[in-house]
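Asks: Provide a 3D model corresponding to the input given below.
(chains A, B and C, ligands or ions: 3)
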Amino acid sequence: MQRALGVCYYPEHWPEQQWADDARRMVEAGLTYVRIAEFAWARMEPKPGVYQWDWLDRAIETLAGAGLKVILGTPTTTPPRWMLDKWPDMLPVGRDGHVRKFGSRRHYCYSHRGYRDECATITLKMAERYGRDGRVHGWQLDNEYGNHTTTVSYSAAAREGFCQWLADKYRTIDALNEAWGNVFWSMEYDGFEQVDLPNRTVAEANPSHWLDFLRYSSDQVAEFNRVQSAVLRAHSDAPLIHNFMSKSTDFDHYKVAADLDIASWDSYPLGYLEKHSALGEAWIERYAQQGDPDFQAFHHDLYRAVGRGRWWIMEQQPGPVNWAVYNPAPLPGMPRLWAWEAFAHGAEAVCFFRWRQAPFAQEQMHAGLLRPDSADAPAMAEVQKVAAEMAALPEAGTARARVALVFDYQSVWAWQIQPQGKGFEYFNLVFDFYRAMRRLGLSIDIIAPDCPDLSQYDLVAMPGLMHVSDALQQALRAFGGTVIAGPRTGSKTEDFQIPAGLPPEMPGRICTVAHVESLRPGVSRPLSGGGAMRHWFEALETQAAVIDRLASGEPAIVAEDKVIYLAGWPDDEALQRVLETACAGEGIPTLRLSGGLRVRDSQTHRFVFNYGPDPALFEGQTIAVADVIWQDLPDTPTKEAN
Amino acid sequence: MQRALGVCYYPEHWPEQQWADDARRMVEAGLTYVRIAEFAWARMEPKPGVYQWDWLDRAIETLAGAGLKVILGTPTTTPPRWMLDKWPDMLPVGRDGHVRKFGSRRHYCYSHRGYRDECATITLKMAERYGRDGRVHGWQLDNEYGNHTTTVSYSAAAREGFCQWLADKYRTIDALNEAWGNVFWSMEYDGFEQVDLPNRTVAEANPSHWLDFLRYSSDQVAEFNRVQSAVLRAHSDAPLIHNFMSKSTDFDHYKVAADLDIASWDSYPLGYLEKHSALGEAWIERYAQQGDPDFQAFHHDLYRAVGRGRWWIMEQQPGPVNWAVYNPAPLPGMPRLWAWEAFAHGAEAVCFFRWRQAPFAQEQMHAGLLRPDSADAPAMAEVQKVAAEMAALPEAGTARARVALVFDYQSVWAWQIQPQGKGFEYFNLVFDFYRAMRRLGLSIDIIAPDCPDLSQYDLVAMPGLMHVSDALQQALRAFGGTVIAGPRTGSKTEDFQIPAGLPPEMPGRICTVAHVESLRPGVSRPLSGGGAMRHWFEALETQAAVIDRLASGEPAIVAEDKVIYLAGWPDDEALQRVLETACAGEGIPTLRLSGGLRVRDSQTHRFVFNYGPDPALFEGQTIAVADVIWQDLPDTPTKEAN
Amino acid sequence: MQRALGVCYYPEHWPEQQWADDARRMVEAGLTYVRIAEFAWARMEPKPGVYQWDWLDRAIETLAGAGLKVILGTPTTTPPRWMLDKWPDMLPVGRDGHVRKFGSRRHYCYSHRGYRDECATITLKMAERYGRDGRVHGWQLDNEYGNHTTTVSYSAAAREGFCQWLADKYRTIDALNEAWGNVFWSMEYDGFEQVDLPNRTVAEANPSHWLDFLRYSSDQVAEFNRVQSAVLRAHSDAPLIHNFMSKSTDFDHYKVAADLDIASWDSYPLGYLEKHSALGEAWIERYAQQGDPDFQAFHHDLYRAVGRGRWWIMEQQPGPVNWAVYNPAPLPGMPRLWAWEAFAHGAEAVCFFRWRQAPFAQEQMHAGLLRPDSADAPAMAEVQKVAAEMAALPEAGTARARVALVFDYQSVWAWQIQPQGKGFEYFNLVFDFYRAMRRLGLSIDIIAPDCPDLSQYDLVAMPGLMHVSDALQQALRAFGGTVIAGPRTGSKTEDFQIPAGLPPEMPGRICTVAHVESLRPGVSRPLSGGGAMRHWFEALETQAAVIDRLASGEPAIVAEDKVIYLAGWPDDEALQRVLETACAGEGIPTLRLSGGLRVRDSQTHRFVFNYGPDPALFEGQTIAVADVIWQDLPDTPTKEAN
Ligand SMILES: [Zn+2]
Ligand SMILES: [Zn+2]
Ligand SMILES: [Zn+2]
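Replies: Ligands and ions are numbered 1, 2, ... in the order given. Modelled structure (predicted):
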């Protein structure tokens, strides 16, 4: 595997005479890739049907001429202002029913057919011009699907599309009424055209109604993407890429990436710590200048799954950004650490965003590798150091994982619709499992909920998985390792109903969930073995062995035939115990990593990262703050070897 | 009085072959009543004007055949989807001005005349068919008026109705301008049609404008209800019932119930603890699985007043619900305790919601007496136990109360409109008085603000009563017992103006409120006698005896001729002292109940309830967690006996 | 200078027979001015074009006849209801896109041309009738511009006006695209008419777009005011006044006041403590009945600048108000203290709001000098005391200040648009500097950001000043005293771009800001010298002397040639040190005032105020709670004397 560095560049932002010098400095910094064009529609097609390619031709010429590989972005995130005169109804509509206006980016509704045609056309024009151009080494389709809460739009186009989608799915309105249980409150429909979007209902809408609408919305992203991928496939052999985001769960990324060659994601460790961490104020303060020690790794593993093995960092934070609630600077060393962590997880490329900080418009306070005055920003030296280190290290992919963790977008939506208790967030549940595994030093694969083959793993966890797909059921039946399930695993049918036999509906079912409780933060259910269940507890009926009980006696963790079922959301202490025991049972070696130390193996090396605010000791070796070290691995343990 | 148990059942949710078995199990569980049909409009009238009664005929046949008494609900909470094609403008409109859509329930505006006609028609059809049917033992009109914040709608129909209502009330626009003080900001109107609804004004609207609009909105609920009661009265002698809610204050329940025979309410102790408790996090954690120890009792007493003596629990929580922020399970024993507490307060029936948990739609996570798989849920055994206990206990109504507490819906609206300090919530003020009385072991009557006769009481409290009605003034003049008033009692005219002679405008006025202060949570006014005034303090001018002063000297509690006036919102300590002293003065015996112990007398027994998380001692007897015991009462003390 | 007291009066609220007695009591209380008419449009012009002046004639006759000087308010804050029939689109529109309705006040959009014409007409009618009336001693134009968030309206009229304003400013659309950097996300416009208002965009709108829209909105207030001032200038020689508000920053008050003779403001110390204090719960509790000890003084100094030396208190809080979250009563003595503090800062008049508490409408809970029953309210005695004290004290303006602090409205908007970290609020930054100066006992001038002459000062601070204007640059170059700048000073061009040479763009630039960090509340950057930078830190490149460093070594406070640059937002400890040192360097004497003690010199006296909840010692003299004392000043130090 060929590791590489890159950068995002906007030639249209700078005087043309600066381009050559920029290109030269990029190459000198050790960069290989340069992504351009993603927001430049107004420069490519300044008036409807009038195209201007000369500037882009020259930009490619200059960059490629300096030795860089060009990634070309389609500009469909930023339709020009004239587009609205053609398609006044193309704007997205918020859940409050208000149109979301022009004046920034992503001002389109995925359901709008007219806009899809426009996207097909501009993509075709680009593909015809550059599709066979050897200097173009990849395509980025659109930019950050779903950013700014745009996946779900409540527009007229969305309603029309949704009604048709329902008709295609259910065929008869009676089937829909049955699947949704519309008899419940006389909600029965006489025809598909009567179905409205589920926002702004008097009381909450039917959860099945919501789930279908969120599925529909997710499908529109996939269809929108497919419009462009189809055009590009016909005109180019360069790989198709999209730059996904972190904790981005409004659409099914596996489905969108089915039409791509490489999954990439945009990694902003500090901004996302501020924005997404559920671990509290003290945690955020501790990691304010380093980022959460597990959040990047989680997404590395996730997008390796989404990209079916091939993945990039398309945008890597180099310094303070502009968009989080608070925007501190990374500790010196962190950009290097982040880059190496990506490579350890198998990234093919790490591209920094952006080359030079823009002095104007929305992101003028977003750092780049260069300052607005073209001097080097602090990250530049780190990029150069990584480039030098890469040259000295053998290329190798990430190590094979013996542990797998299911991540399912549909379960995100299901528990958003029906948390049943504030704070039951599927992402956080899975991430708690991930973090506990990481603290044990494990290398982890994230897998899709329709994963048809688990044979390469020894341990599979699927907490909170709303519904166990037919594919996964089959894989589980063939699986010889340990399975960890619950809470809420297999608790719904595909139609969002409680299964006739009660949850968990899954192979190797070892208990029945009689009823559930959600718990407020100050209330938890302590376990006899230490730790507690929090957020959630399920009353189980079971014949299986009770591994742990509540202090009050009820079964809390039960096990039989290598299936372990958790009757609640375990806290860190309980989760560590469960996972450590399960790993021991499968002969998977574990560590106990304290503080901000984390480990990831490539096929040849063990990388050790120190995210903590103090130097830390790993196997006798002191690792400085914000430092990463690597050690030779004698031999990767293989499953067959066990 | 004949105590009974019942259950809510939705035959349309289940295969018809299951009905007979369900009916049999209901009877075996000791249930008497079964409420059906309330949400089934789409099954009764699947197309406009096309009625289908056969299924309902068979359901009644099956249930009554098994020995159950049927309560028939009119389905007007859930108009079918086709209704919107007839009346597109019937939907309620939120305060934000947005239409609230179809897709759940309560999607109608009370002001809409077309929809009222539709309701009259479906009610007539039901009444004609079942009005003289001896198996139908009662009617429930609509369901939970005002739920989902639907009492107040900002629709065009509401505006039109409001203008007419104002014209009827004021006759001339000058009278309205005068009553509202519209000269204040040049707000004077030239005609009633100019008056808009008071939402979305640039600054806050005139409080008199708001109060009239809330009165209008309340009146629409009463009128809406009257449409159905008039139809049913003409065709049936069975009692008319509505199932009210807890802390439901957007309309005047006394007025609505004037057209009913029985007031019932839907009691969800755990859900409402989460939703309504003003007593803080620690309190909610303590009672998370039991419910607030006074909240149910308060509503029992309130709805006994609303129902003029006759009241039911129409829906009793049996297990975890789905709609609170957190949804824990009741402690074993609580459903039984709740039922007995209702009977002790004089309930004629306690019906559980619902028979079998539905596996689909909005309430699929709401427990029933049966699980979705038809196995008994935990509450079933408690129901059976209550049924057995009832059979062994003599029937008796609730004990006569010597203490009365005024509860006035208009005062809720007044202080919502003009809290004058965040946290001045009339419900909480009255509930603080109620809780203090309960902790003294008192049996309490809640009375309406136009109560014309107080002669059966020895003590009457009317804190926060915005305006003392003519009827109550007359009753107070004739009253020989102790009156407790203030803060804010008699502080407004009916037009929402400050009375010409300043507050409190009431008989036996013993002081003048020169000005008032509202206090932030961290600020209070300590009392010389212990405790403090919080939220609110009034500067009094008075010739009366000063019972307690602020530490800084100002009069805080004054008394004369058995009238006690409180110049603020007393904390628990101060309130206990005031009430205990007043009871002693009237020879009313009091207890001091600690923790979660509560007491209520029926005519024959004293019931003792333990809401606390630990066993508790009452007069030497240990009462287990979630337990209720009862003792023979030798003789109820009567007023004449004192 | 002639100090005077006054009061706000609404004759139209009271029976005419009461007027003469009211006037007599006003004079007896020592009042000079009476403001009337501001909300009485519906009484002046009850129908379109039909005017009624008789009542106002008689009111003026009665008041002036008793010896009072009349201030006449134009009633344009409260257009009558019939106005909406003429101009249905004159209502303001909120950021959410919803129209803000009639029913209170300020129901107009500043951009609406039709309404401006109506205002010109009613002003003309008043000016023609009373412009040369010797009993009218001043005019108040409108009332509290911008109150209820009305400066910025998102109406069609605003959009139309904005497009024209942009066309006037930029001439060509290319110039706008360049200035805003619209190339950034293909946001380029083809014509001015394409530019929409920046609300409700999908992601955040361009900061330059926002800044121009806020500038436009501010300009509309100035234009609106100018319509009336032009009419009045032509018909009257009496001074023109507007009553501004506290922490009112949505429009540029300097610009509006350019067309006025006197700036006045409405001072509600308790209400604004609740509403605006950024200093936390404990601070608010401590000063709940006194008001913030620096907030009034800040606005006194601000409006002295806005009024170019001439300023009044037009509305002074006399007791509890109705509109804050909590509304306690002032400690006895505070109304007197507030009045004297205003006079010490150079106020010409202090008018109390209002004469008699109205028993009706929105402000019925707002205290006056009289209660609703016409008895004296507590503040009346204080007014009389102040009147007596004034008679005994020589008239004198406020002392000359040696210290100046820049306050710039545009910087408020800039950092609202781009806080870059929650909590970076320009007002609070400047107010932190002001408070630190006050605690040092300094007399301070607030100056406008285009102040052309600094020669009278020894020390000038300009923290957070977005852009240093050409005028101020010139003044700074000529200045011989000490300059304190940073953080964020000179960090943007006028177009809201980062300056080409990086910040700070200012004369005597001594460092370069390489990048910035915003910090969450729990994170700060401790200084070697004590204290810390919070909210914000800037990485500096500098050749200047490093006065203080972070504990980690980075330069934090640098100085050269009497320019001091702060690389962050200093906490109180750091700020005191910086200012004390700077004052010492300029020979400006300082005090160290503890607790709630504050000092302000007039030309002849030193006034000492005790805002604290306890008596306090000043130079050996005990000052009671809520008391003010004054001492003869031997001689004011002058700059020349140094
Ligand atoms: Zn809206
Ligand atoms: Zn399935
Ligand atoms: Zn300039």
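
Asks: can you give me the strands in the stretch 201-350 of chain A?
Replies: A:240-244, A:262-267, A:311-316, A:349-352 (DSSP state E, counting those that start in this stretch).

Asks: quick one: is the third one near chain C?
Replies: Right, strand A:311-316. No. Strand A:311-316 is not in contact with chain C by C-beta under 8 Å from any C-beta of the partner chain; minimum separation 15.1 Å. C-beta here means a position set from N, CA and C on the backbone, and glycine is covered the same way.

Asks: ok, stretch A:34-44 next?
Replies: Yes. Residues of stretch A:34-44 contacting chain C under C-beta under 8 Å from any C-beta: A:39-43.

Asks: which parts of the stretch 51-200 of chain A are helices?
Replies: Along the stretch 51-200 of chain A, counting by DSSP state H, counting those that start in this stretch, helices occupy A:54-65, A:83-86, A:113-130, A:156-170, A:173-180.

Asks: out of those helices, nearest to chain B?
Replies: helix A:173-180 (6.9 Å; C-beta to the nearest C-beta).

Asks: phi, psi for the residue of the stretch 401-550 of chain A found nearest chain C please.
Replies: With C-beta to the nearest C-beta, the shortest gap between the stretch 401-550 of chain A and chain C falls at residue A:521, namely 19.7 Å. Dihedral angles of residue A:521 (phi, psi; degrees, to the nearest 10) stand at phi -50, psi -40.

Asks: and it, how many neighbours?
Replies: 12 (other C-beta atoms under 10 Å in any protein chain shown).

Asks: tell me the pLDDT at it?
Replies: Looking at residue A:521, its pLDDT stands at 93.

Asks: the helix or strand of chain A with the lowest mean pLDDT: how far from the chain's middle?
Replies: Sorting the helices and strands of chain A by mean pLDDT, DSSP states H and E puts helix A:269-276 at the bottom, at a mean of 94. Centroid separation for helix A:269-276 versus its chain: 14 Å, with C-alpha atoms, centre = their mean, to the nearest Å.

Asks: any stretches of the stretch 501-642 of chain A with poor pLDDT?
Replies: Low-confidence segments of the stretch 501-642 of chain A (pLDDT under 70): A:635-642.

Asks: now do the same contact list for the closest residue to chain C within it.
Replies: Residue of the stretch 501-642 of chain A nearest chain C, by C-beta to the nearest C-beta: residue A:613 (11.2 Å). When contacts are counted by C-beta atoms under 8 Å, 6 or more residues apart in numbering or on different chains, residue A:613 touches A:286, A:290, A:596, A:625.

Asks: Serialize these to TSV and add fields for distance to residue B:549 and neighbour count.
Replies: Below are those laid out as TSV (distance: C-beta to C-beta, whole Å; neighbours: other C-beta atoms under 10 Å in any protein chain shown):
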residue	distance to residue B:549	neighbour count
A:286	52	21
A:290	59	25
A:596	59	21
A:625	62	19
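
Asks: just the pLDDT for residue A:304.
Replies: 98.

Asks: check which residues of stretch A:131-150 are buried.
Replies: For stretch A:131-150, a neighbour-count test (16 or more other C-beta atoms under 10 Å in any protein chain shown) marks A:131, A:136-148, A:150 as buried.

Asks: which of those are close to chain C?
Replies: Contacts with chain C within the buried residues of stretch A:131-150, counted by C-beta under 8 Å from any C-beta: A:147-148, A:150.

Asks: just name the closest of these to chain C, please.
Replies: Nearest member of those to chain C, counting by C-beta to the nearest C-beta, is residue A:148, at 4.6 Å.

Asks: so how far is chain B from the closest one?
Replies: Taking C-beta to the nearest C-beta, to the nearest Å as the measure, residue A:148 falls 22 Å from chain B.
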